[in-house]
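Asker: just need the structure, nothing else, for what follows:
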Amino acid sequence: MTFRIVLLSLLLSAFSISSLDDKVRLETRVDRVHRELGMTGEGVIVAILDRGIDYEHPDFRNEDGTTRILFIYDMTDDTGAGASDNSFGLGTIYTRAQINAALTSGIRLATRDAFGHGTTTAGLAAGNGRASDGLYAGMAPDADLIVVKIVGGAPAHGNEPAEESADVRDMEAAMDFVIQKAEEAGQPFVALANIGSIGAASDGTTAWARAIDERFGDDFPGRVFVTGTSDDGGMPNHAAGLIQAGQSADLLIHKGDAGNLRFEMWYPGSDRYDVTIIGPGGTFGPYAYPVNANRDTQQTVDFTYFHNGTAVDFWDAASSRREILIDFATSGDYTVRLERKLGIDGRFDAFLNPSRLFEGVNNRFESFVVPGYTVWDMASSQTNIAPNSYVLRHDWTDIDGVARSESDEGAIGDLWLGSGIGPTMDDRRGVTVSAPGERLFAPYAPRSFYATDRANIVRDDGAGGMYGLQSAVSAAAPVTTGIIALMLQANPQLGAVDVRVALQQTAREDAFTGDTPNSRWGFGKIDAFAAVARILGVVDLVEVEGALPREATLFANYPNPFSGSTTLRFALPAPADVRLSVFDMLGRDVTVLVDQSLSAGVYETAFHAEALPAGVYVVRLEAGGRVFSRTLTHIR
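Answerer: Residues are numbered from 1 along each chain as shown. Okay, here's the model as predicted:
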């Protein structure tokens, strides 16, 4: 293989950072992907499944004012359900021609992003930054867009009417619409469902999780699906334990919010639990467990109770788990008493929703609390890319010039406290990688509910309030999505598993991530440049600080032994023609990592051996008329 070499000096970079570089692109090294590798998402579709989009925003328009959006599919409005071009029989489809006509005439389409979340999502993934002269461009600024308005709802604000709440109607139809339109366009795509919170069985068996696996993966090149882990981490909203046969356990719950609180519990189909509920209104039950195909339903002033047998549940899960779902209406303290009658396992996992970090821990478990297990069900599919979020910044200046700061949700560089973390209920890691997501700047829809909070609109020296804060996994997921669009431009034939492996193998560790992989960070912090460079066959040769030796030197690799990849470092006392290559123990050439003239300095690069069998290899440095070698031990 012939490699292109990319040099980076940490002391004297050929590129000086200008005022037009937003922090998230520097942190992820997307700026280098744009500048050095030439990948900007051109020829790739970014599909956003969210609350709609402000199609009038300059960041979603070309230089001539035309739209970058191929389609908007508003699934919350059935006005166009019977149209000839709507094969799904629900929602309303708007074409690029219709969007352009609306932009030209000024007569707005019926679809909007009333809340504002969909616009920030699309902008972080693929906005072109036109309203800020490039300052707040997204990860893939030249990608095409398909937008599916899959949920809705917003209060009345300013001159805008309220939007009626709308839950997801048909996730599979949303996926199939994107697949259909991408195939018609002949383009690869990455789709993001930027929704979801814990509750359903996060074991990859629910209908939505299975729908991802049926449509994405190695059998479907050029298709990738993303959904973040959840915003439900960092709170006592997961309870788990083991109950011995004939024993009972009391799950203590505090309900502080005035709204509905949902309790959802899953346990093995071989087990049987009777349930007693003690709350403000008294003691109710015990309610006997249902038989396999039945559902027991009970209702009081304080709660509505459902207990499902193995053949019924609310999520069409393919597993044999049993489900208990309780909606608590009245605030106060509750006890859910579980009495195990039969079975051989005894494990249970229970969740509370909502339990909001940013509004205080008003709803919480007070017994059997177990951290983690806050990856929502759709993110637990086998082929999904599931990022979570770490903190990028604390401080910003709002549109009125007021200095703002929020620093109580994690240190800069550390995991955002609300990030959903693993493992999944079937004990997989659950997190692919982590991306910066806390306190990002993204396009705001001026007519949206988001735009009513002036404290969150950023002062951007001339953009006129067109950008504001987006945070949490809702920001990290579109950043990851845009980076995947860059990867698909580099190789349109990549499948979902290819993308996941490349992201995992190139993610970086630091003092915050600790040793990876783990269930909090996945494989570490996302590195866009390393991922795209790996796909292109580019060696990321880095010049680092270090004293120059008197002669050329090949240092010991680290780690050694290694699994997957290891770092090679060498030093040159003077300019030299350099060849750095790897051989197996039979003397066969495995790869050439460097073959060019270099100036004096200390350099390092990575040797990726994931596709190679375990064994001993030899790295050889030829420089300055001398040859150096060391052995590398690759383990599985």
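
Asker: where exactly do the helices run in the chain?
Answerer: Here the chain has its helices, by DSSP state H, at 23-28, 30-32, 96-105, 117-126, 171-185, 207-215, 473-490, 496-506, 528-536.

Asker: of these, which is nearest Asp274?
Answerer: helix 207-215 (28.7 Å; C-beta to C-beta). Quick note: C-beta positions are derived from backbone N, CA and C, even for glycine.

Asker: for the record, mean pLDDT for that closest one?
Answerer: For helix 207-215, the mean pLDDT works out to 96.

Asker: distance between it and the chain's centre?
Answerer: 17 Å (C-alpha atoms, centre = their mean, to the nearest Å).

Asker: buried set for that helix?
Answerer: Trp208, Ala209, Arg210, Ala211, Ile212, Asp213, Arg215 (16 or more other C-beta atoms under 10 Å).

Asker: repeat that for stretch 296-313.
Answerer: Result for stretch 296-313 [16+ other C-beta under 10 Å]: buried residues Asp296, Asp302, Phe303, Tyr305, Phe306, His307, Asn308, Gly309, Thr310, Val312, Asp313.

Asker: and Ile457, what does it touch?
Answerer: For Ile457, the contacting residues are Asp398, Ile399, Tyr444, Ala451, Gly465, Tyr467, Gly468, by C-beta atoms under 8 Å, 6 or more residues apart in numbering.

Asker: possible to save those as TSV with distance to Ala614 and neighbour count?
Answerer: Below are the contacts of Ile457 laid out as TSV (distance: C-beta to C-beta, whole Å; neighbours: other C-beta atoms under 10 Å):
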residue	distance to Ala614	neighbour count
Asp398	55	18
Ile399	57	18
Tyr444	52	28
Ala451	56	22
Gly465	57	17
Tyr467	50	29
Gly468	50	28
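
Asker: now, those residues that are in strands?
Answerer: Tyr467, Gly468 (DSSP state E).

Asker: among the contacts of Ile457, which has the minimum pLDDT value?
Answerer: Out of these, that is Gly465, at 86.

Asker: report pLDDT for Ala463.
Answerer: 67.

Asker: same check, this time on Gly601
Answerer: For Gly601, pLDDT reads 88.

Asker: got the helices of the chain as a markdown table, with distance to Ser565 columns?
Answerer: Listed next are the helices of the chain as a markdown table, based on distance: least, C-beta to C-beta, whole Å:
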| stretch | distance to Ser565 |
| --- | --- |
| helix 23-28 | 19 |
| helix 30-32 | 19 |
| helix 96-105 | 43 |
| helix 117-126 | 28 |
| helix 171-185 | 32 |
| helix 207-215 | 28 |
| helix 473-490 | 18 |
| helix 496-506 | 6 |
| helix 528-536 | 10 |
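
Asker: His57: which of those helices is closest?
Answerer: helix 117-126 (6.3 Å).

Asker: what helices and strands are in contact with the closest one?
Answerer: strand 45-50, strand 144-149, strand 440-443, strand 467-470, helix 473-490 (3 or more C-beta pairs under 8 Å, 6 or more residues apart in numbering; DSSP states H and E).

Asker: name the residues of stretch 351-368 that are buried.
Answerer: Buried, per 16+ other C-beta under 10 Å, within stretch 351-368: Phe351, Leu352, Asn353, Pro354, Ser355, Arg356, Leu357, Asn362, Asn363, Arg364, Phe365, Phe368.

Asker: hang on, the earlier thing: for the contacts of Ile457, which one is nearest Ala131?
Answerer: Tyr467 (7.2 Å).

Asker: just the CA atoms of stretch 418-425, as PDB, please.
Answerer: This file holds the C-alpha atoms of stretch 418-425, laid out as PDB (Å, rounded to 0.1, in the frame of the first residue of the first chain):
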ATOM      1  CA  GLY A 418     -25.800  13.500  32.300                       C
ATOM      2  CA  SER A 419     -24.200  11.300  29.600                       C
ATOM      3  CA  GLY A 420     -25.900   7.900  29.200                       C
ATOM      4  CA  ILE A 421     -23.300   5.300  30.000                       C
ATOM      5  CA  GLY A 422     -23.100   1.500  29.700                       C
ATOM      6  CA  PRO A 423     -23.400  -1.300  30.000                       C
ATOM      7  CA  THR A 424     -26.500  -2.400  28.200                       C
ATOM      8  CA  MET A 425     -29.000  -4.700  29.900                       C
END
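
Asker: wait, what's in contact with the residue lying closest to Ser448 once chain neighbours are set aside?
Answerer: Of all residues not flanking Ser448 in the chain, Gly116 sits nearest, at 3.3 Å (C-beta to C-beta, 6 or more residues apart in numbering). If you count contacts by C-beta under 8 Å, 6+ apart, Gly116 has them with Arg51, Ala154, Tyr444, Ala445, Ser448, Phe449, Tyr450, Ala451.

Asker: could you do Arg429 as well?
Answerer: Neighbours of Arg429 in contact, by C-beta under 8 Å, 6+ apart: Gly422, Pro423, Pro517, Asn518, Ser519, Gly522.

Asker: ok, now with 7 Å
Answerer: Gly422, Pro423, Pro517, Ser519, Gly522 (C-beta atoms under 7 Å, 6 or more residues apart in numbering).

Asker: look up how far Val370 lies from it.
Answerer: 16 Å (C-beta to C-beta, to the nearest Å).

Asker: likewise for Val479?
Answerer: 29 Å.

Asker: between those two, which is the more surrounded one?
Answerer: Higher neighbour count among Val479 and Val370: Val479, with 29 against 13, using other C-beta atoms under 10 Å.

Asker: any idea how far Gly256 is from that one?
Answerer: 33 Å.

Asker: surely Tyr450 and Tyr444 touch.
Answerer: Yes: between Tyr450 and Tyr444 there is a contact under C-beta atoms under 7 Å: 5.5 Å.

Asker: list residues touching both of those two?
Answerer: Listed as contacting both Tyr450 and Tyr444 by C-beta under 7 Å, 6+ apart are Gly116, Gly468.
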